[in-house]
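**Student:** Here is a sequence together with a model predicted from it:
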Amino acid sequence: MSSISRIVVGAATLGPLGSLPAPGTWGSAAGLAFYAVVFHGYNTPGNRVTFALLLLVAAAVATVVCHFAELFLKKKDPGCVILDEFVAMPLVFAGFGDHLRTARHAWAWYAAGFLLFRLFDIAKPFGIRALQRVGGGFGIVVDDLAAAVFAALGLHALHAAVAWLR
């Protein structure tokens, strides 16, 4: 493998995380940290455009990296490629940033978002599985973005239900 292909595959697998058991879960956990470090401060009403642009750039880069990693590894959507989970995770918390800053138990909302994302990413309901069949880097990334959208909707619904019960 050339040095370029090693760099691309290393980025797509998030280094050693892609070789751990349950690599998608590790990629999602790293994505949660990615959200907390890079995106959290932009997830406010005044910064929605910046949040969306950061997400768009991250998804575009991941699409290219995952496409070439798939070619270098000679496998369709290899399980060790987890950059897709990594970049999709911030989308789970879109529009939820203000609440995460003020919630007494913010960790529980992070955990709920993480679990909802893993549920939708693994089960792939509502046509998400069909998106994965698109192929290439776009197919690798787009199904995770769709799973993140459904997880975000679920998180907002859960938040509304908790608020209503109070």
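**Tutor:** Now that the structure is in, tell me what you want to look at.
**Student:** drop to CA atoms for contacts and neighbour counts, all remaining ones
**Tutor:** Will do.
**Student:** and the longest helix for this protein?
**Tutor:** helix 136-165 (DSSP state H).
**Student:** I'd like the mean pLDDT over it, please.
**Tutor:** The average pLDDT within helix 136-165 is 92.
**Student:** got the buried residues for it?
**Tutor:** 136-156 (16 or more other Cα atoms under 10 Å).
**Student:** got it, and stretch 26-42?
**Tutor:** 26-35, 39-40, 42.
**Student:** residues contacting the residue nearest to Leu155 when sequence neighbours are not counted?
**Tutor:** Computed as Cα to Cα, 6 or more residues apart in numbering, the closest residue to Leu155 that is not its neighbour in sequence is Gly113, at 6.0 Å. Residues in contact with Gly113 (Cα atoms under 8 Å, 6 or more residues apart in numbering) are 92-93, 151-152, 155.
**Student:** what does Gly10 give?
**Tutor:** By Cα under 8 Å, 6+ apart, the neighbours of Gly10 are Pro16.
**Student:** separation between the closest residue to Arg129 other than its chain neighbours and Ile122?
**Tutor:** Nearest residue to Arg129, sequence neighbours excluded (Cα to Cα, 6+ apart): Asp143, at 6.9 Å. Remark: distance between Asp143 and Ile122 (Cα to Cα, to the nearest Å) = 10 Å.
**Student:** Work out for me the element the closest residue to Leu73 other than its chain neighbours sits within.
**Tutor:** Excluding the flanking residues, the one nearest Leu73 by Cα to Cα, 6+ apart is Val9, at 7.8 Å. Element membership for Val9, per DSSP states H and E: helix 3-12.
**Student:** can you check His99 too?
**Tutor:** helix 97-102.
**Student:** Heading C-terminal from that helix, find the next helix or strand.
**Tutor:** Next element after helix 97-102 (DSSP H and E): helix 106-123.
**Student:** That following helix to helix 136-165, inter-axis angle?
**Tutor:** For helix 106-123 against helix 136-165, the angle between stretch directions is 130 degrees (axes from the mean of the first three to the mean of the last three Cα atoms, to 10 degrees).
**Student:** Check whether the residue nearest to Ser19 when sequence neighbours are not counted sits in a helix, strand or coil.
**Tutor:** Among residues not flanking Ser19 along the chain, Cys80 sits closest, at 5.9 Å (Cα to Cα, 6+ apart). Three-state call for Cys80 (DSSP: H, G, I helix; E, B strand; the rest coil): coil.
**Student:** Thanks a lot, catch you later.
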